[in-house]
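Predicted model follows, preceded by the sequence.
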Amino acid sequence: MNTQRTGHDLLRRMRRNRATPAVRSLVRETALHSEDLIQPLFVRAGDGTPEPVESMPGIVRHTVHTLTEECQRLEQNGIKAIALFPCIDSSKKDPEGSHAHSPENILFAAIRAVKSASPDLAVITDVALDPYTSHGHDGLLDERGDVENDSTVESLKRLAVAQAEAGADIVAPSDMMDGRVKAIRLALDAAGFHRVGILAYAAKYASAYYGPFRDAVKSGDGQSGKPHKLDKRGYQMDPGNVREALLEVQLDEQEGADMVMVKPAGPYLDVIKAVHDVTRLPLAAYQVSGEYAQIHAAAKLGWLDYAATRDESLLAIKRAGADMILTYFASEVAESLK
Ligand code: PBG
């Protein structure tokens, strides 16, 4: 018998819907599903064992061989898509990033190998020059040291078509040049790749959270263990802006993007929500390397519960309106959801 007397006139007791795990699961509005998670993967040339990325515990630079093995594990965990990034030997980098167009570019071999070993896995490729440029910028520099827009777009078009030829399902320009989505769409169509989609990094911010990624692809000015400070504010977005993100999304839609992205994710939940409210295209969010690293670092210090923080960080991104999430946690979260 319930002898509790306080609040007998309380008609709305919110805690009733929180009373048991079963009831909580009935009323839960947002949930993570493994098919919404996209695993970013790094690949390098050569053989041997994968190289750990120091600032990203659990993340490695794969060889093509270990990459294909990893992709089979991902598929078994229920992951449907990967995002591939090459780590290029510094001896192959130059100011123009010309190795991007070399048939020897390890990215092309990696795409072919993954599509042959895991044909059902969607391969998303990074259309950008920063893995290949000696200065680490996402394009060709003019005499003032600014990234030149239109010549960079010409180079990106060629890279996107070559990725499609190697078997990419979706190409993802992450460079933030103007007009590149349209140029890539027209180039893909002209080459007969009508079926290859474009995931546009529509609102990509000039963020400090990319540091560990630049470690992983060995790009930019820093070395492992030191924060990277490459200044990309001349093309990536100002962290203070949200209306500008809506304009970027609108332009990429008009230029033929199939999906749009907000990046980073966790620190930009308001941007995800704002974009979600205006676009009808599928919306991706990229939980970037620094978001991953900070959860690992705090957990290592014993300051946060690792799995709980990881899962909450992803759920928040979903709740804000992302349909899919690129996250370095994808594989392990998918495994835990099985
Ligand atoms: C560059 C690129 C970056 C990331 C993905 N593509 C870094 C940058 O813009 O400097 C970052 C991803 C991450 O931090 O996880 N084209």
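That came in fine, so what should we check first?

in the stretch 1-150 of the chain, which spans are strands?
Along the stretch 1-150 of the chain, counting by DSSP state E, counting those that start in this stretch, strands occupy 37-44, 51-52, 60-62, 81-87, 122-127.

Find the least confident helix or strand in this protein, judged by mean pLDDT.
Ranked by mean pLDDT, DSSP states H and E, the weakest helix or strand in the chain is helix 211-216, scoring a mean of 93.

Could I get the strands of the stretch 1-150 of the chain in CSV, plus columns for mean neighbour count, distance to Ser313 and mean pLDDT?
Heads up, the C-betas are built off the backbone N, CA and C, glycines and all. Shown next, in CSV, are those (neighbours: other Cβ atoms under 10 Å; distance: least, Cβ to Cβ, whole Å; pLDDT from 0 to 100):
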stretch, mean neighbour count, distance to Ser313, mean pLDDT
strand 37-44, 25, 12, 98
strand 51-52, 14, 22, 97
strand 60-62, 21, 22, 97
strand 81-87, 23, 18, 98
strand 122-127, 24, 21, 98
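
Minimum distance to Leu199: which of the ones you listed has it?
strand 122-127 (6.1 Å; Cβ to Cβ).

what about the closest residue to Gly220 other than its chain neighbours, how many neighbours?
Once flanking residues are discounted, Gly220 sits nearest to Gly136: 3.5 Å by Cβ to Cβ, 6 or more residues apart in numbering. Neighbour count of Gly136, defined by other Cβ atoms under 10 Å: 21.

What residues does the stretch 101-250 of the chain have near the ligand?
Counting by Cβ under 6 Å from any ligand atom, the residues of the stretch 101-250 of the chain lying close to the ligand are Asp126, Ala128, Asp130, Asp138, Ser174, Asp175, Tyr210, Phe213, Arg214, Lys232.

Make a PyMOL selection of the buried ones in those.
Command for PyMOL that selects the buried part of these, burial taken from 16 or more other Cβ atoms under 10 Å:
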select buried, resi 126+128+130+138+174+175+210+213+214+232
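
what's the closest of the residues of the stretch 101-250 of the chain next to the ligand to Leu283?
Closest to Leu283 out of these is Ser174 (15.8 Å), distances taken as Cβ to Cβ.

which stretch among the strands of the stretch 1-150 of the chain comes nearest Ala285?
With respect to Ala285, and counting by Cβ to Cβ, the nearest of those is strand 37-44 at 10.1 Å.

Endpoints of stretch 38-53, how far apart?
19 Å (Cα to Cα, to the nearest Å).

what ranges do the helices span in the protein?
Secondary structure of the chain (DSSP state H): helices at 21-27, 64-76, 106-117, 149-166, 180-190, 211-216, 243-254, 269-278, 289-300, 306-320, 330-337.

which one of those helices has the lowest average pLDDT?
Between the helices of the chain, the lowest average pLDDT goes to helix 211-216, which shows a mean of 93.

could you redo the helices of the chain as JSON lines and give each row distance to Asp36?
Output for the helices of the chain, formatted as JSON lines (distance: least, Cβ to Cβ, whole Å):
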{"stretch": "helix 21-27", "distance to Asp36": "18"}
{"stretch": "helix 64-76", "distance to Asp36": "14"}
{"stretch": "helix 106-117", "distance to Asp36": "20"}
{"stretch": "helix 149-166", "distance to Asp36": "23"}
{"stretch": "helix 180-190", "distance to Asp36": "23"}
{"stretch": "helix 211-216", "distance to Asp36": "21"}
{"stretch": "helix 243-254", "distance to Asp36": "20"}
{"stretch": "helix 269-278", "distance to Asp36": "13"}
{"stretch": "helix 289-300", "distance to Asp36": "17"}
{"stretch": "helix 306-320", "distance to Asp36": "7"}
{"stretch": "helix 330-337", "distance to Asp36": "9"}
